[in-house]
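this is a predicted model, with the sequence first.
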Amino acid sequence: MGSAASSTCQRRYDVFLSFRGEDTRNNFTAHLHQALCQKGINTFIDDHKLERGQIISPELFAAIENSLFSVVVLSQNYASSRWCLEELVKIVECMKSRGQRVLPIFYNVDPSDVRKQRGIFGEALAKHDQESLENMGRVQSWKDALTQVANLSGWDSRDKNEPLLIKEIVTTILNKLLSLSVADTENMVGLDARIQEVEMRLCLESNDILMLGIWGIGGIGKTTLAKAIYNKIRSQFEMCSFFENVGEDLAKKGLIRLQQKFLSQILEESNLNMKVLTSIKERLCSKKVLVVLDNVNDPLILKSLVGNQDWFGRGSRIIVTTRDKRLLASHGVFNIYEARRFNDEEAFEFLTYYSLKHELSIDDFMELSREVLGYAQGLPLAVEVLGSFLFSMTREEWRNQLNKLKCTPNLKIQEVLEISYDGLDNKEKNIFLDIACFFEGEDKDYVIEILDGCGFFSLSGIRALLDKSLITIYSNKLMMHDLIQEMGREIVRRQSLELPGERSRLWFHEDIYDALKRNTASEKIEGIFLNLSHLEETLDFISQAFSRMRKLRLLKVYKYKDTLRNFKDTSNKEKCRVNFSKDFKLCYDSLRCLYLHGYSFKSLPNDFNPKNLVELSMPYSDIQQLWKGIKLKFVDLSYSKYLIETPDFSGVTNLRRLVLKGCVSLRKVHSSLGDLKNLSFLNLKNCKMLKSLPCSTCDLKSLETLILSGCSKFEEFSENFGGLEILKELYADEIALTVFPSSFSFLRNLEVLSFSGCKGPPSTFWVLLRRISNSIGPILQPLSGLCSLVKLNLSDCNLTDESNLSSLGPLSSLRRLYLGRNGFVTLPSTISLLTNLQVLDLENCKRLQAIPVLPSSLIELDAENCTSLKDFSSQVLKSLLPTWELQKRKLM
């Protein structure tokens, strides 16, 4: 978090003095006020010697509210003043609502008399009670305020040397002020909302003992947030300690000194001298304490300082800030608040604070802000660091500095972020660097397979990176903040600043070009990812350049849009700017991932035997002949236009993903396909010469996704196709299929079925729509058993009224039904039986004349360009009323 200009009232005073004028104005309080001012402590004192009326002025209330501390001088006649007592009630209110610190001074009075309202304090309150009915409603609140303040830690002036007492008070207040950061005295962007969220988790009204973790990456504002909460709620506890950078103290001073410092803080005793570890439970088990342990990086800290909840008294709260979520879980702390980055509005407001200090034109401010926000991506530390120095530069200077940041990270930001990396073990560091350099944005399961093949135990490693906030997972993709990714890449760059070939990983095309062209690549290289889109000159891949790379695990030569390229581009493959020499060879033993875009030979080298290879991808290649590889799990030969027949798969039985899309010459899939018992994904999209799959396809017991769309000559499934027991998605758009196998209804786990564009002659495709003897009526025989089907696409399939669409009624799980661009005139009434249907697409059904009553579950109906539609009755509208908030109603 950071400070920013705000319209809310800023704190104007360090200390508010509350006292009884006739007792101490001209002696103790005057001397205390003078001593405070001499130390530069901005102190409010009411200089009016006579009390004016019975109501405290708004100005005095405002002074109390806008002070960090209230010092209450409880003298003999303090309670006789209604004015003083009202002040005290307001002070206690600010202590509770604003986290104001209250320091009582018992000036020549017994603290227990104040606490219990005995003696002169009891007499004064009794007199107030008798004076008027108006006082009766206030006396109890005055008593409560006196009791609460008297229970706070303060000073008893009896038998004390007054000058020395004043010096002690001033020193204590000064030290407390100096311990506060700027963040405590200024408004913080976005802080109030975050404080409220944490307070809800703290359940302050409960007397249970509770531990809370504040977790997040370095520089995200964990300490600032914890300190703000601590300052706000500390007055509700008997003892308090904010132990900043506790991990650093452990490393420098050891465990005994760590305990000593902790107890010194919380007991407010500076002269402790511990020789051995002590029992914190014995010291604090009866006390309601507030403890904040900041930047915890070792479970030993939690074990030795806040071991168990029974170490502390009822109502205690323990707050732990850390970068490591595992550390919290290992100590049984599952109440965790994840610190949030700035949103765009908060980051912009934060930068506005810096702009106020410098004369910037509106255009310059907006341009600079956009650049900073784009670079920082909401990380408060980055916004603060960049805002603090960029806004003081000229336009030419800050533009130059921003260009520098693109290749050289800011040192201060780098140092903070790198602390999390330093806490990883060697395998976790390798996983982090591989993701930062190569795999950010990739599918998590795919990356796990590759890195497991490297022996990195990636499942637990990725968990460690998640727990340290170094990565996130979104839609099963591994995501990383740009600054964290840059931090990882900078660690690799530092391995050799001048010679890229001496680094472990290369991803920047100029560095790769340098290492290969100058033949400086060394055995230290473990991975090369070359994006051909950035290459301006042809680069030769020759054996000599790779001969020293004995540790090479990952080699990827790719074009940025490989996975997005349309099959229509395959006829004119773009020229590949990598020239593979005829004798091109690699050190195969370490190789786990091999991705070669546009490989120009018909086969791989004769001695190619990568025993540990996990992935082979050769899109847009001229490959015709492959090999056997024992551990291979991913094969991608998409757009290999010369591939006529797949190889024998019996040597790659670990295969999980096979992509052959756009192989326009592929005519035959080898019968050994059924040997791939682990295959879960098979993509044959746009294999235009393929007519069928081998009968062994039904043996693919792990297959979940099958893509045949665009296989325009594909005519039939094998009769035992229903043996694909766990198939979830089948995409077969624009194929030439005319008959379903009877076993199709056995696909009980099928969730998505798409046959869009399967036309043929009218109704030919739907010969399966036949009346079965002894049946109640015509049924869509192959679909009737698809009890898990959620999405069905039959658009543009020449469906007519003779297609018996009433047979769709039994598909009770169906949510999305696409029937657009067909020739039926009416929809059957059985459509209302689809009680889970949410989306119905009828667009461009130009012969459709009537729509029946629809299921009440429907939330989206598309009947656009249904030019013959006449009967859209009130009954239909009535059926839609329960969910009338349709997202789209394109009617006519």
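That came through, no problem. Quantities reported herein were computed from a predicted structural model and do not represent experimental measurements. Numbers count the residues shown, from 1 in each chain.

from what I can see Leu730 touches Ser754, true?
Yes: between Leu730 and Ser754 there is a contact under C-beta atoms under 8 Å: 7.2 Å. For glycine as for every other residue, the C-beta is placed from the backbone atoms N, C-alpha and C.

check which residues of stretch 599-616 are buried.
Of all the residues in stretch 599-616, those buried under the rule 16 or more other C-beta atoms under 10 Å are 599, 601, 604, 608, 610, 612-616.

end-to-end on it?
The first and last residues of stretch 599-616 sit 12 Å apart, counting by C-alpha to C-alpha, to the nearest Å.

run through who's touching that stretch.
449-450, 452-453, 576, 579-580, 582-585, 588-595, 618, 621-636, 642 (C-beta atoms under 8 Å, 6 or more residues apart in numbering).

can you rerun that using 6 Å?
449-450, 453, 580, 585, 588, 591-594, 618, 621-622, 624-625, 627, 629-635 (C-beta atoms under 6 Å, 6 or more residues apart in numbering).

how about stretch 539-556?
Contacts for stretch 539-556 (C-beta under 6 Å, 6+ apart): 454, 516, 519, 521-523, 525-529, 578-581, 583-587, 590, 592-595.

again, but for stretch 251-261
Residues contacting stretch 251-261 (C-beta under 6 Å, 6+ apart): 249-250, 272, 274, 277, 304.

ok, the residues you listed vs Lys688, which is closest?
Leu250 (66.4 Å; C-beta to C-beta).

tell me which residues touch the closest one, please.
258, 298, 301.

how about Arg657?
So Arg657 contacts 634, 681 (C-beta under 6 Å, 6+ apart).

measure it to Glu449 for me?
Arg657 sits 9 Å away from Glu449, going by C-beta to C-beta, to the nearest Å.

picking that back up, could you dump the buried residues of stretch 599-616 into a markdown table and include pLDDT, distance to Tyr421 and secondary structure?
Converted to a markdown table, the buried residues of stretch 599-616 look like this (pLDDT from 0 to 100; distance: C-beta to C-beta, whole Å; DSSP: H, G, I helix; E, B strand; the rest coil):
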| residue | pLDDT | distance to Tyr421 | secondary structure |
| --- | --- | --- | --- |
| Tyr599 | 85 | 36 | coil |
| Phe601 | 82 | 41 | coil |
| Leu604 | 79 | 37 | coil |
| Phe608 | 80 | 36 | coil |
| Pro610 | 79 | 31 | coil |
| Asn612 | 87 | 27 | coil |
| Leu613 | 89 | 29 | coil |
| Val614 | 91 | 25 | coil |
| Glu615 | 91 | 26 | strand |
| Leu616 | 90 | 31 | strand |
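
mind putting these in JSON lines, distance to Trp215 included?
As requested, the buried residues of stretch 599-616 are exported to JSON lines (distance: C-beta to C-beta, whole Å):
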{"residue": "Tyr599", "distance to Trp215": "46"}
{"residue": "Phe601", "distance to Trp215": "52"}
{"residue": "Leu604", "distance to Trp215": "48"}
{"residue": "Phe608", "distance to Trp215": "47"}
{"residue": "Pro610", "distance to Trp215": "41"}
{"residue": "Asn612", "distance to Trp215": "37"}
{"residue": "Leu613", "distance to Trp215": "38"}
{"residue": "Val614", "distance to Trp215": "33"}
{"residue": "Glu615", "distance to Trp215": "34"}
{"residue": "Leu616", "distance to Trp215": "40"}
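
out of these, who's nearest Leu789?
Glu615 (32.4 Å).

how near is that closest one to Leu424?
Distance from Glu615 to Leu424, by C-beta to C-beta: 25 Å.

and what of Cys698?
Taking C-beta to C-beta, one finds Cys698 at 45 Å from Leu424.

do the same with Ser112
56 Å.

swap in Gly21?
Using C-beta to C-beta, Gly21 is found at 63 Å from Leu424.

same check, this time on Ser743
Distance from Ser743 to Leu424, by C-beta to C-beta: 51 Å.

then Gly218?
Gly218 is 13 Å from Leu424, by C-beta to C-beta.

so those two - more neighbours on which side?
Using other C-beta atoms under 10 Å as the criterion, Gly218 and Leu424 rank with Gly218 on top: 23 against 19.

burial measure for Gln414, as a count.
16.

could you find the closest non-adjacent residue to it?
Met487 (5.7 Å; C-beta to C-beta, 6 or more residues apart in numbering).

tell me the contacts of the one you found?
With C-beta under 6 Å, 6+ apart, Met487 has these contacts: 414, 417-418.

which of the residues you listed fall within strands?
Applying DSSP state E to the contacts of Met487, no entry is found in strands.

turn these into TSV, columns for pLDDT.
Output for the contacts of Met487, formatted as TSV (pLDDT from 0 to 100):
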residue	pLDDT
Gln414	90
Leu417	91
Glu418	92
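
closest to Leu191 among those?
So of these, ranked by how close each gets to Leu191 (C-beta to C-beta), first place is Leu417, at 22.0 Å.

so that closest one sits against Gly218, correct?
Yes: here Leu417 reaches Gly218: they are 5.4 Å apart, a contact under C-beta atoms under 6 Å.

can you give me phi and psi for the closest residue to Ser617 other than its chain neighbours?
Leaving aside its sequence neighbours, Ser617 sits nearest to Asp636 (C-beta to C-beta, 6+ apart; 3.6 Å). Note on Asp636: backbone dihedrals following degrees, to the nearest 10 are phi -130, psi 110.

okay, and the beta partners of Asp636?
Ser617, Val659 (DSSP bridges).

how much space between it and Gly453?
Counting by C-beta to C-beta, the gap from Asp636 to Gly453 is 16 Å.

now do the longest strand seen in the chain: everything it contacts.
Assignment by DSSP E gives strand 67-74 as the longest strand of the chain. Strand 67-74 is contacted from outside by 13-19, 24, 29, 91, 101-107, 109, 114, 149, using C-beta under 6 Å, 6+ apart.

try 7 Å
The set of residues external to strand 67-74 that reach it, using C-beta atoms under 7 Å, 6 or more residues apart in numbering, is 11, 13-19, 24, 28-29, 44, 64, 88, 91, 100-107, 109, 114, 149, 173.
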